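Enquirer: Pasting a predicted model and its sequence here:
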Amino acid sequence: AQSVTQLGSHVSVSEGALVLLRCNYSSSVPPYLFWYVQYPNQGLQLLLKYTSAATLVKGINGFEAEFKKSETSFHLTKPSAHMSDAAEYFCAVRWAGANNLFFGTGTRLTVIP
Amino acid sequence: DGGITQSPKYLFRKEGQNVTLSCEQNLNHDAMYWYRQDPGQGLRLIYYSQIVNDFQKGDIAEGYSVSREKKESFPLTVTSAQKNPTAFYLCASSRRGHTDTQYFGPGTRLTVL
């Protein structure tokens, strides 16, 4: 069955440190891939998306993600964490031929001062 | 300002009662979605609608019902048949054919006592 997996339900980093949030998908056909962010008690906001153009995708707030077909991954990174980055991050996919997004279980990012 | 509104933000109901969650958008989007969010499970699709007067079941439609009589509105009814209704409910919308970029409302937290 097709699935999207986010490794680590909680990630803590120090302010100024590298942020790395992991996302892997299971499919022989690369899907469309997305990262959404959810701040406390709010809805989700699109951070970035991969739609088969450049494999390195830049998003808002300094985040970027790299699509690696050989690893079936789409990890989210940011070189230097800021306190305002504390939120929950969701990886999502749209499989070929599907009309909807399928979300991972989310990773809660904590930034330590 | 364009956006999606969900009301109320917090809702309490007694077990066995039906309850309707409101979702309104003024983005002129054709497609609208309802998701349920539970801790550690990410978002799961309940129902979606690509156009007025048409809607489809998502992954967890049992115990829920929707209507789409107007483009701007997509109310969700949580019926007494839903075995575990306490959750955070998120509504989203997108341009037709642009499922990838969904705009989310702030959510309604439903607690069934």
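Expert: Structure received.

Enquirer: Show the contacting residues for the residue in chain B positioned nearest to chain A.
Expert: Across chain B, no residue is closer to chain A than B:F104, which sits at 3.0 Å (Cβ to the nearest Cβ). Any C-beta I mention is one placed from the backbone N, CA and C, and that applies to glycine too. For B:F104, the contacting residues are A:43-45, B:4, B:90-92, by Cβ atoms under 8 Å, 6 or more residues apart in numbering or on different chains.

Enquirer: Same check on A:V57?
Expert: Here A:V57 is in contact with A:48-50, A:64-67 (criterion: Cβ under 8 Å, 6+ apart).

Enquirer: For burial, what's the neighbour tally of A:E71?
Expert: 10 (other Cβ atoms under 10 Å in any protein chain shown).

Enquirer: now, the most widely separated pair of the contacts of B:F104?
Expert: Farthest-apart pair in the contacts of B:F104 is A:Q45 and B:C91; separation 14.2 Å (Cβ to Cβ).

Enquirer: which residues does the most centrally placed residue in chain B form a beta bridge with?
Expert: Residue closest to the average C-alpha location in chain B (Cα atoms, centre = their mean): B:W34, at 3.0 Å. Applying DSSP bridges to B:W34 gives these bridge partners: B:Y47, B:C91.

Enquirer: So it is in contact with B:F55, correct?
Expert: No: using Cβ atoms under 8 Å, B:W34 is not in contact with B:F55; the gap is 9.4 Å.

Enquirer: With adjacent residues omitted, what lies nearest to A:G8?
Expert: Nearest residue to A:G8, sequence neighbours excluded (Cβ to Cβ, 6 or more residues apart in numbering or on different chains): A:T107, at 5.5 Å.

Enquirer: ok, back up a step: just the buried ones from the contacts of B:F104?
Expert: Using 16 or more other Cβ atoms under 10 Å in any protein chain shown as the burial test, the contacts of B:F104 include A:43-44, B:4, B:90-92 as buried.

Enquirer: burial of B:K57, as a residue count?
Expert: 13.

Enquirer: okay, the residue nearest to it when sequence neighbours are not counted: pLDDT?
Expert: Of all residues not flanking B:K57 in the chain, B:Y47 sits nearest, at 6.1 Å (Cβ to Cβ, 6+ apart). What the model reports for B:Y47 is a pLDDT of 96.

Enquirer: Tell me, how many residues neighbour B:Y47?
Expert: 22.

Enquirer: need the strands for chain A, in chain order.
Expert: For chain A, applying DSSP state E gives strands covering A:3-5, A:10-14, A:19-21, A:24-26, A:32-38, A:44-50, A:56-58, A:64-68, A:73-78, A:87-94, A:102-103, A:107-112.

Enquirer: Tabulate these (CSV), appending mean pLDDT.
Expert: Below are the strands of chain A laid out as CSV (pLDDT from 0 to 100):
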stretch, mean pLDDT
strand A:3-5, 89
strand A:10-14, 97
strand A:19-21, 98
strand A:24-26, 91
strand A:32-38, 93
strand A:44-50, 91
strand A:56-58, 93
strand A:64-68, 94
strand A:73-78, 96
strand A:87-94, 94
strand A:102-103, 90
strand A:107-112, 96
